[in-house]
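Chemist: pasting the structure only:
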């Protein structure tokens, strides 16, 4: 039986389109909701508010945390905010992308690297991982043994680059320096498609690893 007081990860899928640089593609986006039976945060706000609310249920939404501002990840963020009364959180480096979709409706709170977001009995740490988008972030939940990578890291490798505001070298640097420093058994919940693990992807891409300091760790002399 699930403990209603313990945080967990709930999942859904929403279908729609992604448009950038004059091209449009059909896409299925994962919906990730983290929290307990009372409250939760929603990670990204893709195509349909009803799809997201079906995963949320009757819980209070504390925040809508956007991994980046491509339209398939933020299209219904303002509408979801209107529905649940929760702030939209986004890294400010993604302002140009956000304004392509919502030029008249700003987000509410700016994310910063290493920021901690509390929900239920767990904490998510913001990791700024630019490359797929300038303000792309991943959300690391050590208590839950997982990380939410948006479109930075997939089952199979890095997210797409080659479009406006993206940088192939930078996304690889972000993955190797920030994500591959995490434990190998960390489950990777992606923006699209199947889960993977940090270990599986670091083996796939090659282990160019440099330890990073995590909260509470002592700095080695």
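Modeler: Thanks, I have it. Please read all numbers here as calculations on a predicted model, not as lab measurements.
Chemist: how about low-confidence regions in this protein?
Modeler: 1-2, 207-221 (pLDDT under 70).
Chemist: please redo it, this time with the cut-off set to 90
Modeler: 1-5, 205-221 (pLDDT under 90).
Chemist: show me where it has strands.
Modeler: 8-20, 23-35, 39-43, 60-65, 88-90, 109-110, 116-119, 122-128, 137-141, 146-150, 153-154, 157-158, 187-190, 196-197 (DSSP state E).
Chemist: looking at those strands, which is buried most?
Modeler: Neighbour counts (mean count of other C-beta atoms under 10 Å) averaged over each of the strands of the chain peak at strand 146-150, with a mean of 26. Placement of C-beta: from N, CA and C, glycine included.
Chemist: return the list of helices and strands in contact with it.
Modeler: Here strand 146-150 touches strand 137-141, strand 187-190, going by 3 or more C-beta pairs under 8 Å, 6 or more residues apart in numbering; DSSP states H and E.
Chemist: can I get the strands of the chain in CSV including distance to residue 99?
Modeler: Shown next, in CSV, are those (distance: least, C-beta to C-beta, whole Å):
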stretch, distance to residue 99
strand 8-20, 13
strand 23-35, 19
strand 39-43, 21
strand 60-65, 17
strand 88-90, 11
strand 109-110, 14
strand 116-119, 24
strand 122-128, 20
strand 137-141, 18
strand 146-150, 19
strand 153-154, 26
strand 157-158, 25
strand 187-190, 25
strand 196-197, 32
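Chemist: closest to residue 54 out of those?
Modeler: strand 8-20 (6.2 Å; C-beta to C-beta).
Chemist: quick one: end-to-end length of stretch 186-205, please.
Modeler: Start-to-end span of stretch 186-205 (C-alpha to C-alpha, to the nearest Å) is 16 Å.
Chemist: what's that stretch in contact with?
Modeler: Residues outside stretch 186-205 that contact it (C-beta atoms under 8 Å, 6 or more residues apart in numbering) are 9, 11, 27-30, 32, 44, 67, 73, 140, 145-151, 153-159, 172, 175-176, 179-180, 182-185, 209.
Chemist: can you list the buried residues in that stretch?
Modeler: Buried residues in stretch 186-205, counted by 16 or more other C-beta atoms under 10 Å: 186, 188-192, 196-199, 201-202, 205.
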